[in-house]
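Asker: Here is a sequence with its predicted model. Questions after.
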Amino acid sequence: MLLENLFLKLPFIKQFVKFFAVGIINTAIDFVVLNFEMAVTGITSGPYMFILNSISFSVATINSFFMNKRWTFEDKENKQSGVKFSQFLVVSVIGITINGGIVYAITSFINPLFGMNPQLWANVAKLSATAISLVWNFLGYKFIVFKK
């Protein structure tokens, strides 16, 4: 009841919750595809890993476009789907650039806090970067790609 009232008064909260759920699904898709590729090819590092990661990211991004278009932002319009997908891809690439830049900056220029080991610190950096890029992606999709 309380959540329903909140969604009615602030519909962007409902959109954000849906967006978050889609993000979890697409993260899972990205990891499943990447791990499948690694199992099939035996590649776990090096320059070919970039290619495998690009493929898994692309599969997740394509799924993300359709889930966000139809469910999160309820965009039923089929006109300009190519344009919207291009905009979606640009927002997503900016998002992953923001994410990667934050992870790089935190892990490269800030020593681990509270006695954390470097691996745990990298995960803290990734979590921080994900939160910031999540906001960017949501706003970009809402106000650029799927604007009403």
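Answerer: Structure's in. What do you need?
Asker: Name all residues that make contact with the residue nearest to Pro112 when sequence neighbours are not counted.
Answerer: Nearest residue to Pro112 in three dimensions, chain neighbours excluded: Trp121, at 3.7 Å (Cβ to Cβ, 6 or more residues apart in numbering). To be clear about C-beta, it is placed using only N, CA and C from the backbone, and glycine gets the same treatment. The contact partners of Trp121, by Cβ atoms under 8 Å, 6 or more residues apart in numbering, come to 106-107, 112-113.
Asker: Domain parsing of the chain, as residue ranges.
Answerer: Domain segmentation of the chain under automatic domain parsing yields 11-74, 75-148.
Asker: Surely Asn26 touches Phe65?
Answerer: No. Using Cβ atoms under 8 Å, Asn26 is not in contact with Phe65, being 9.7 Å away.
Asker: ok, and what's touching stretch 128-135?
Answerer: With Cβ under 8 Å, 6+ apart as the test, stretch 128-135 has contacts from 19-20, 23, 95-96, 98-103, 106.
Asker: residue ranges of the helices in this protein, please?
Answerer: 2-9, 11-41, 47-67, 81-109, 118-140 (DSSP state H).
Asker: Kindly reformat the ones you listed as a markdown table containing distance to Phe73 and mean pLDDT.
Answerer: Formatted as a markdown table, these follow (distance: least, Cβ to Cβ, whole Å; pLDDT from 0 to 100):
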| stretch | distance to Phe73 | mean pLDDT |
| --- | --- | --- |
| helix 2-9 | 15 | 70 |
| helix 11-41 | 7 | 90 |
| helix 47-67 | 10 | 87 |
| helix 81-109 | 10 | 91 |
| helix 118-140 | 10 | 90 |
